Structure formats: structure tokens, C-alpha cells
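>>> would you be able to build a 3D model of this:
(chains A and B)
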Amino acid sequence: MKGAGPAQLEVRGVTKAFPGCLANDDISFRIEPGEIHALLGENGAGKSTLVKIIYGVLQADEGELIWEGKPVTIHSPHDAREMGIGLVFQHFSLFETMTVLENIALAMNDVRDMDALRKQVLEVEKTYGLPLDPDRHVYTLSVGERQRIEIVRCLLQNPKLLILDEPTSVLTPQEVEKLFETLRRLADEGCAILYISHKLHEVKALCQKATVLRGGKVVAGCDPREETAKSMAEMMIGQKLTAPDRGEARTFGDVRLAVADLSLASDEQFGTDLKGINLEVRGGEIMGVAGVAGNGQNELFRALAGETEQEAAPDSIKIDGTSVAHFGPRRRRRLGATFVPEERNGHGAVPDMSLSENGFLTAFRRMALAAKGLIREVPTKSFADNIIKTFDVRTTGSGAEAGSLSGGNLQKFIVGREILQDPGVLVISQPTWGVDAGAASAIHQALLDLAAKGTAVLVISQDLDEIFAICDSVVVMAEGKMSKPRPMADVSIEEIGLLMGGLHDLEGNATPANDTQVEGGRVGQA
Amino acid sequence: MEWIVPFVLTVITASTPLLLAATGELITEKSGVLNLGVEGMMLVGAIAGFAVTASTGSATVGILAAVLAGAMMSLIFAFLTLTLMANQVATGLALTIFGVGFSALVGSGFVGFAIDPLPALAIPGISAIPIIGPILFGQDFLVYLSIAVVIGVGWFLAKSRAGLVLKAVGDSHHSAHAIGYSVIKIRYLATMFGGAMAGLGGAYLSLSYTPMWAENMTAGRGWIALALVVFATWRPGRLVAGAYMFGLISVMQLHAQGAGIHVPSQFMSMLPYLATVIVLVIISSDRAKIRLNAPACIGQAFRAAQ
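Residues are numbered from 1 along each chain as shown, chains lettered A, B, ... in the order given. Next up is the predicted model:
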């Protein structure tokens, strides 16, 4: 089939400029029917803009799209769906308070009878092995199930081109494997697939072709099956990639952060209650908390940072031996703990305030930025300047509003702000979420350097690659419970995947050998 | 027992303007727009309806003028908040203040005018049935319309695809935009429906309730309509119940005084708001309940991401 007929979609010379940036610069590539084609690039490389042009959300300034051999203009997502283009969004485009069926109906071009639609949905679910109850409200569903809605929604339109934007960032390894099965099956049926992902080993496993974007331009095309993850990453960033330097064999000091039997009801509406959490992080140790989002990680972060309304049991949280369960964030910080939340704007930083003001907000005590209730302007500014310099934050200066920085740069600033306070304990959530490879490796290195100085670091992350790259030990959260800590060296990615799926009952009892656990897990799943 | 019929009749007339305005605001809010200018839109609707009826002698033309005037007021609001992205709360308050002043200015020449009240749509024979006749079959056109519109809105939200799209826009404007719905256009339409209904509610006051014009004659009914939407947790069925309950309270205020029961009138006029606060506390204790009906994006400006 391939190469014989016209391409399913050919992008020719597409250019799109936004004020102050050229998002797409003369981009050309083609996707054949039945081909799984990867689109690679760092944040800001122009992938999302290109997808929006193909899906009709944006119009190209120049260039054309050739669909099945004919030039086309796609004015709107409605047009795109009409032609047979489906898009599975990166940030789900779902309506939380509506049912699965209503969500699907909203994305249909033609108005259909709800009962007929329900039948079709159930049929597609059965054919492709995507179980979903059409009458459940979306807010009650897991992220994996939510993604299924998006996929079912696309499949119902019999797509000829399916675009997936970062589909696996929220899935467990097992869920990813299931998704890949569905995609391969679709490709076998002749559907072209445009697959966008940061996760290069997945691209290698799934895709037959790849187009690499950098700075809005196509810089390379390759066959991912013949490349390594490292070589593709280097094409993306345009320079050699250095693995974080873990230093010499690490030695750990005393326990600096201890959590003992912490149970806490969530104060979020659809949150997860924490159930009997135990962990100990020693000075110099980096411990990773793995798990699919929404399994209690946010609640754990808030409990550790002292942001929850309810008070944890006395002695359930200790920082350097002091019980802090009844302390608020400020008193915990006074004991030498610092915290970096997942959400940068609004939680980690005040978007409308300048960088130096944001620096002041968490560091004024430890860095002595206030005197007699007044802000000391000069040290405050130089503290912010120091963060900007040390962590290579790209900004116009310490007077810039936090909200004006890109996600990656703001993250570097916030991480820098907490690290430069020289904390005894650092709890950091999703340190490199949405941050490009260059900035991510800088943040990883900074965390390793901090631990080398004797700080206890707890990294809450959904990115297993990140946990494997920097952590000394790992725990897994599932449904508000936490697995026993394991040294990184004796645990495999499959085991973590099983634990993420919530197979806690299989572990524990006198710590059986790893192999038995994996065996047990598979049997349990079958 | 002969007091029952006039009592019920006054409850209906007191409730109808609330129901009309609140039904419009319900649709506006369901699309994610919070228009606090209901009081101002009602006043402008009231004077437009009264002035045109007094000038042309036709109540039909007057009612149409009131609808148009309310819609124009909401169009100003929509342009400021949806196109120019002004803050909805501040703009809504400004719209009310503007409406109070503007209606007083236009209406200064009409103070003391008298018009014929809207005729009841009497059905010969049936309307003469004791008790039920005058209550169910002796109302004017706008009373029936208010019930018909709220039933229509209930059906629209629950059953129609357009209603589903409207709720979707109010629930997550970014998602709605991503799948290709025009958030701004839908919000313009919803806001203008809200304005038209507020204008109609105002017209009911100046054409039927008290067929005359007085400055600031809505006397806070626009605010009660706003409270009513929250009270009803954005559900049309509860909206009817709430409107009639608030109407009942305001009539009891008069009758209590007439009957010599000494409840301070301030207490009675406070009751609708107090009831709203209590309901808010009750529904907030189970957030799942409010969440299923409350539009999540209410009051937030929508700016399409690049």
C-alpha cells in the first residue's frame, strides 16, 4: 500500500507566525495510510500549532494541506471531522459534569438520536476493547478512562487520520500497552496515525516514521526503529545530551523527613484519602513517589507542606525529629523544609507579582529579606537575581511578572528559589512537568547536587524515566496507599507499573523476592 | 375563605416578574456568564415597555420594545465582557447603576401617566368557575408566557442538543472551544436571551403589576432574581418553586401588615436573601450536588489560546 497511492495527508510549506514568534516555519512532511508517524520536538518547537492547523483550529499563513491528493482548506474542527480527522487532546477536552455519552455527543458533527448513539458507542467499545459505561459522569472516571472517551469519540467518526497529542503522559505502563494495541489495530485497518510524544522509547516501539521539529522548522526525519532514544533526543534539542551526574556512591545520613502511619481524609471534593502512609527520607537521599495522577499524591504533598485543613495525627510527620503535624507551612519552613508544588502559576508563584516579590514570599525568613516588618529591597532583588543567574532563567529581569515566563522557565525559578534557601528537606512535586529536555536535565542536576550536600529530597513524579534517572529509592502510591520503599537498584519498571495499578495486596508479606511479585502480579491480572 | 382567590392572584403577580427575569439569567449563567445587571435591565425594560405602550396605545408593541430594550442592555454587557474581556462582576454592577439612572432619565416625562393594565385572557365560561377559574384561567398573557418559557428552558437544557452545547460552554469553555464550538457567539446569544427576559420581567411590572411608571420601581427584584438562580441551583423546576416562594413571602409582607400582625417589614424583605444564604450553606455542604448543576466557568473571561 505504502507509496503506491497519494499520501493520506501531506503538509506542504506550512508557515504560521504569532506576534513575536514564528511557530511553524515552512513545515513539510507526509503521512501514508496505515502509517504510524511520530511528530517529535521540545516544548515550543511548534508541534501543537501544527496540530491545530491540521485540525482546523488555526489557519496557516502560508503553505497548504493535501488530503488524499487534493489540496484542502480546513476551516474548523467541524470540517476536519467531516473529512475524517480525529484528535485525541493532550489536555482532555472533556466536560466533567456531563456523562460519557453526552461528552461523545458533543463532539459529533451530526445530531444523532441518543439511543442510537449509545448503541454505536457500545459497539465501538466492544470492537476495540475499550470498556466504558456511557452513563457515568466524567468526574468519577480515572484519567485512563477519560482518555478512552476521547478515543471512542474519534473512532465513532471512522477516522482516516487520528492525531494523538501526548496520549501516554497520564497512563500506567500497562495502560500504554493497551493503547498501543488499539493503535496498531487501527493502523492495520488503514488509518493513518500522527503520534506526538516526548517519550522516545514509546515512539521507538510504536512508530514507523518520525518528523523532528525544532524552533518551528523540520530538522530531521527518521525511522525511529533504527534510532535510539538518545539519538532522537539529540535531534530534538540539537545538542549532545548528558545524563545527570549521580556522583560517587552516595552515603545517607540521619532520617530528616519521617512520615508514620499518616491517614488523612482528602479536603478536595473528588480527592483521594491518604491511608496509613509510611516513609523515611534520610539526609542525602532522593526518594521518588511514583504513581498515576490522582492516587493521593496531591494530598500527600499538601499534608507534608502543611496546607491541609485537617490536622494529621500527632507525630505522624516529623522534620529532623520535630513533630510538625500541627504546624502550618510557615513553621515547617522555619525548621528548614521547603516545598515546590506541582502547579506553578497560582500555587508555586503568584502570576501577577514580579519574580523578586515571588522570591520574597517563601524565602523572606531563611534569607533574611525582611526587617522590622518591612521588605529589604536590595537583598530581595539580589536574591531573585541570584536565582535567575544560577538556574539560567530566561527572563527580562527580576522585575518581570511570574506569569509572563514560560512554564519551564518559571519552574526553574521556583525550584531555584527553594534550593537556594539551602533546605534540610525538600518536597517537590512533578519537578519537570512540561519542561523541555534541556531545562529538565538542569533541574535534575540541581536536585542531585542538593542531595549531595545532605538534604533529604522527596520527588513526587508521574514520570518513571525521571524517577529512574535521579532517585535512590522509590515508593508507589495507588488509591491513597503507599508501597514499601525499595532501593532503585532492585526494582524494574514493570514492577512499578504493577504497583501503580494498585496491586498492593501482592506485596509486603516478609518481602518476597522480586520475581515472585511480578509472577504474582501477572497471575492476578489474568 | 374568600380571601384565598385574591391572595393567590397577588402571589402570582408578585412571582411572575421574578420568574421571567430569573429564567433569562439562568440561561445566561448556564453559558458561564454572570450578569449582575438584571436590576438595571429590568428597569430599562419597564420604562421602554411603559413609554411605548403609553405613546402607541398598543401593549403588544410595548412588550416587544421592552424585550428589545433588555436585549440591547445585555448586548452592551456582552460587548464589554465577552469581546473586550472586562470583569463581569464590575461590568454587571455598572450596568445596574446605568440602568437605574437611564430609566429614571427617560421615565421622568412619564411619571403620573396612566395606562390600561394588560387584559386577562379570560376564557368565557371556564374563567367563571369559582376559585380555580380566576386563578388558572384569568391571568394575563405574560403569566402564561412565564410558565411556558420556563418549561421550554427546562426542555431545552435537558433534551436538546443546543442545550447540551450551552451547558458544555459553561462547564469548560476551553474544551468546548477545542472541539469547535464558538464560545463567544454562544455566550452572546445566552446573555441576550437573559437581557430580553429581564426586559420582559420589567415590562410585566410597569404594564401589569402596577400599570404606571415610578423611578426605581423594580425595588430590588432584579437582585432577588439573581439570588433565585443560585437558590434553584440552576435548575428550572426549582426556579419556579423558588420564584413562587419568594413571591409568597413578598405578598405575606403586605398581608401581615394588613392583618395587624406586627412583623417588621424589613424582616420580610430580608427573607428571600436569607433563604438564599441558607440554601447556599446547605448545598455547599454537599459539593457534589452543586457541582453537577453549577456552571464551572461562571464569571470567567474566555480568551482562546493560541
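
>>> grab the longest helix from chain B for me.
The longest helix of chain B (DSSP state H) is helix B:4-30.

>>> off-centre distance for that helix?
Its chain's C-alpha centre and that of helix B:4-30 lie 7 Å apart, by Cα atoms, centre = their mean, to the nearest Å.

>>> report the buried residues of the helix or strand following that helix.
Sequence-wise, the next helix or strand downstream of helix B:4-30 (DSSP states H and E) is helix B:38-56. Judged by neighbour count using 16 or more other Cβ atoms under 10 Å in any protein chain shown, the buried positions of helix B:38-56 are B:38-54. Backbone N, C-alpha and C define where each C-beta goes, glycine included.

>>> where in chain B is pLDDT low?
Applying pLDDT under 70 to chain B flags the ranges B:1-2, B:286-290, B:305-306.

>>> and the closest residue to chain A within it, how far is that from residue A:76?
Relative to chain A, the nearest point of chain B is residue B:180 (3.2 Å; Cβ to the nearest Cβ). Using Cβ to Cβ, to the nearest Å, residue B:180 is found at 5 Å from residue A:76.

>>> check whether the longest helix of chain B contacts chain A.
No - with Cβ under 8 Å from any Cβ of the partner chain as the criterion, chain A is not reached by helix B:4-30; the gap is at least 11.5 Å.

>>> how many degrees apart are that helix and helix B:38-56 in direction?
Helix B:4-30 and helix B:38-56 are oriented at 120 degrees to each other (axes from the mean of the first three to the mean of the last three Cα atoms, to 10 degrees).

>>> so which bits of helix B:4-30 are buried?
B:5, B:8-30.

>>> what do you get for stretch A:329-341?
For stretch A:329-341, the buried set under the neighbour-count rule, 16+ other Cβ under 10 Å, comprises A:329, A:332-333, A:335-341.

>>> my read is that residue B:197 contacts residue B:18, right?
No - taking contacts as Cβ atoms under 8 Å, residue B:197 lies outside contact range of residue B:18: 11.2 Å.

>>> just the C-alpha atoms of stretch B:20-34, please, in CSV.
Extracted in CSV, the C-alpha atoms of stretch B:20-34 (Å, rounded to 0.1, in the frame of the first residue of the first chain):
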residue,chain,number,x,y,z
LEU,B,20,-39.3,35.9,33.9
ALA,B,21,-36.0,37.6,34.9
ALA,B,22,-34.6,34.6,36.7
THR,B,23,-35.3,32.2,33.7
GLY,B,24,-33.3,34.5,31.5
GLU,B,25,-30.5,34.8,34.0
LEU,B,26,-30.4,31.0,34.3
ILE,B,27,-29.6,30.6,30.7
THR,B,28,-27.0,33.4,30.8
GLU,B,29,-25.3,31.7,33.8
LYS,B,30,-25.5,28.3,32.3
SER,B,31,-23.4,29.6,29.4
GLY,B,32,-20.8,30.7,32.0
VAL,B,33,-21.7,34.4,32.1
LEU,B,34,-22.6,36.1,35.3
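
>>> okay, now the sheet partners of the helix or strand where residue A:24 lies, with direction.
Applying DSSP H and E as the criterion places residue A:24 in strand A:21-31. Sheet pairing for strand A:21-31, assigned by DSSP bridges, gives strand A:9-18 (antiparallel).
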